[in-house]
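[1] fold the following, please.
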Amino acid sequence: MLNLQKSFLLPISLRGLSNMPKGSVVENIEVVHKGKWLETHHINYVDPHGNKRQWEAMSYVSRPELSGGFDSVCVIAVLKRNLHHNCFVLVKQFRPPLGCYSIEFPAGLCDSDDADVHTTALRELYEETGYSGLIADETAIDLPTSLDPGTENSRIALVNVVIDGDDPKNVNCKQHLDDGEFIEVVLLPVRGLLDRLRKVVAESAEKVVIDSRLYALAMGLEMGIGLSTKKNICENTEADTVTAESAVYSNP
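    As a prediction, this is how the structure comes out:
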């Protein structure tokens, strides 16, 4: 069996978090600039030691919140087809703040008339990729999540979707993009995702950046495979050791 480091087995309170000062409080928020989609703020707050401080941040001008306080969704969709590898459905689009293209999950803002984040997720997937999917796990959204907590207050829901690629409506399907949207659909196999992303970046004719959420998932898949492999090796080694010891004790 794997030998976990001792620090991983300690309660959270014994890993230094209990000594962290508490009590930061936001006093007020000043709007510095308001655009069509975003506004910037000065957040005046008091730190745990009673010192007054200011933080620069931004937020969406219109921020409808659905159940759970979510205002946006990120759709982790897997396309399943007979005689094909399962693939993540991704999108590639030009991102002006980066000055280049980005490969990312389909995503978007919640509408005030959306019933829930699942409705938003399926709508965004259909609009950006043309695919119609089903929610893979309706109970998966159970933790508070943030998009970029150092600069904004957006709360994003990560929604798992499965797509039946053999369904006629998902064969040669067409995107339903808004004016000004230029999105390319990218299908990459679930197995070996990290290597495929590296290959896409290396072979792309233009500069491409991988969205951190997508890269984190690709790394997580590789880490899971690595941990599983190490676990099997340790278990096999331990089993061989036990077998060898049994042979020693059983032989005259």
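
[2] what about the stretch 1-150 of the chain, any weak spots by pLDDT?
    For the stretch 1-150 of the chain, the stretches with pLDDT under 70 are 1-21, 139-140.

[3] just the strands in it please.
    25-34, 38-46, 52-60, 72-80, 87-95, 100-104, 107-109, 134-135 (DSSP state E, counting those that start in this stretch).

[4] output those as JSON lines; include the columns distance to I141.
    Every C-beta, even on glycine, is put in place using the N, C-alpha and C of the backbone. What follows is these, written out as JSON lines (distance: least, CB to CB, whole Å):
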{"stretch": "strand 25-34", "distance to I141": "26"}
{"stretch": "strand 38-46", "distance to I141": "25"}
{"stretch": "strand 52-60", "distance to I141": "20"}
{"stretch": "strand 72-80", "distance to I141": "9"}
{"stretch": "strand 87-95", "distance to I141": "19"}
{"stretch": "strand 100-104", "distance to I141": "19"}
{"stretch": "strand 107-109", "distance to I141": "15"}
{"stretch": "strand 134-135", "distance to I141": "10"}
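
[5] those: which one's closest to L217?
    strand 72-80 (7.1 Å; CB to CB).

[6] dihedrals phi and psi, the residue nearest to the spatial centre of the chain?
    Closest to where the C-alpha atoms of the chain average out (CA atoms, centre = their mean) is R213, at 3.9 Å. Dihedral pair for R213: phi -70, psi -40, per degrees, to the nearest 10.

[7] ok, I43 touching V31?
    No: using CB atoms under 8 Å as the test, I43 is too far from V31 to be in contact (10.7 Å).

[8] quick one: which of these two has more around it?
    I43 (15 against 11; other CB atoms under 10 Å).

[9] and the closest residue to the more buried one other than its chain neighbours, how far from S212?
    Take I43 and drop its neighbours on the chain: the residue closest to it by CB to CB, 6 or more residues apart in numbering is W55, 4.3 Å away. Computed as CB to CB, to the nearest Å, the W55 to S212 distance reads 21 Å.

[10] and the closest residue to L158 other than its chain neighbours, how far is that from L109?
    Using CB to CB, 6+ apart and skipping residues adjacent in sequence, the residue nearest L158 is C74, 5.1 Å away. Distance, C74 to L109, using CB to CB: 11 Å.

[11] quick one, which of those two is more surrounded?
    C74 (21 against 17).

[12] does that one really touch I156, like I thought?
    Yes: using CB under 8 Å, C74 makes contact with I156 at a distance of 5.6 Å.

[13] what are the ranges of the helices in the stretch 151-252 of the chain?
    193-203, 212-250 (DSSP state H, counting those that start in this stretch).

[14] these: lowest mean pLDDT?
    Lowest mean pLDDT within these: helix 212-250, at a mean of 69.

[15] for E206, list the residues it contacts.
    100-101 (CB atoms under 8 Å, 6 or more residues apart in numbering).

[16] do F182 as well
    93-94.

[17] renumber starting at 80 from here on
    Fine by me, first position is 80 from now on; the one you just mentioned is F261.

[18] any idea how far E231 is from it?
    24 Å.

[19] neighbours of L201, just the number please.
    Neighbour tally, L201, other CB under 10 Å: 21.

[20] that one - nearest residue in space that isn't next to it in sequence?
    Distance criterion CB to CB, 6+ apart; nearest residue to L201, sequence neighbours excluded, is G212 at 6.2 Å.

[21] please report phi then psi for that neighbour.
    phi -130, psi -180.

[22] same check on A284?
    Taking degrees, to the nearest 10 as the convention, A284 sits at phi -70, psi -30.

[23] how close does it sit to D221?
    Distance from A284 to D221, by CB to CB: 42 Å.

[24] quick check: can you list the domain ranges of this structure?
    Per the record, the chain has its domains at 101-140, 143-319, by automatic domain parsing.
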